[in-house]
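>>> sequence isn't available, so here's the structure alone:
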């Protein structure tokens, strides 16, 4: 049902330092637009998005720096939601955003990982 890992969101209070760590320690090329509060690292087909804006600050205040979202692409997010419900798990509501249908999975059923599953049928 899940096609691929799309993106990993990481909140940081120091975007320059975080980008430097990914470049220096792991040899990744970090892309960043001037004046932007985010940067991207492409790994295969997936993206690691480093963010230091308002949403990142809110996440840091509530849970500290680090991963704030794991995004997985599915062929059909309704099938994924149905499978979760069939397993007795609360699947959450589907929302449409940016041409996608997105299911925000409760971190309690995803080993405390903020998990978002989407398809491009929105």
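Perfect, thanks for sending it. None of the values given here were measured: they were computed from a predicted structure.
>>> show me what counts as buried in the helix or strand bottoming out on mean pLDDT in the chain.
Ranked by mean pLDDT, DSSP states H and E, the weakest helix or strand in the chain is helix 54-63, scoring a mean of 91. Buried residues in helix 54-63, counted by 16 or more other CB atoms under 10 Å: 56, 59-60. No exception for glycine: its C-beta is placed from N, CA and C like everyone else's.
>>> okay, those in CSV with distance to residue 21 next?
Output for these, formatted as CSV (distance: CB to CB, whole Å):
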residue, distance to residue 21
56, 16
59, 18
60, 16
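>>> contacting residues around stretch 80-91?
1-2, 74, 92, 94, 103, 105-106, 109, 117 (CB atoms under 8 Å, 6 or more residues apart in numbering).
>>> try 7 Å this time
For stretch 80-91, contacts defined as CB atoms under 7 Å, 6 or more residues apart in numbering pick out 1, 74, 94, 103, 106, 109, 117.
>>> distance between the ends of that stretch?
Terminal residues of stretch 80-91 lie 8 Å apart, using CA to CA, to the nearest Å.
>>> same question for stretch 104-112.
End-to-end distance (CA to CA), stretch 104-112: 13 Å.
>>> how far away from the center of its chain is it?
13 Å (CA atoms, centre = their mean, to the nearest Å).
>>> do stretch 45-60 as well
Chain-centre distance of stretch 45-60: 8 Å, with CA atoms, centre = their mean.
>>> quick check: end-to-end length of that stretch?
27 Å.
>>> what count of nearby residues applies to residue 10?
If you count neighbours by other CB atoms under 10 Å, residue 10 ends up with 22.
>>> spell out the secondary structure type for it.
strand (DSSP: H, G, I helix; E, B strand; the rest coil).
>>> could you do residue 48 as well?
Going by three-state DSSP: residue 48 is strand.
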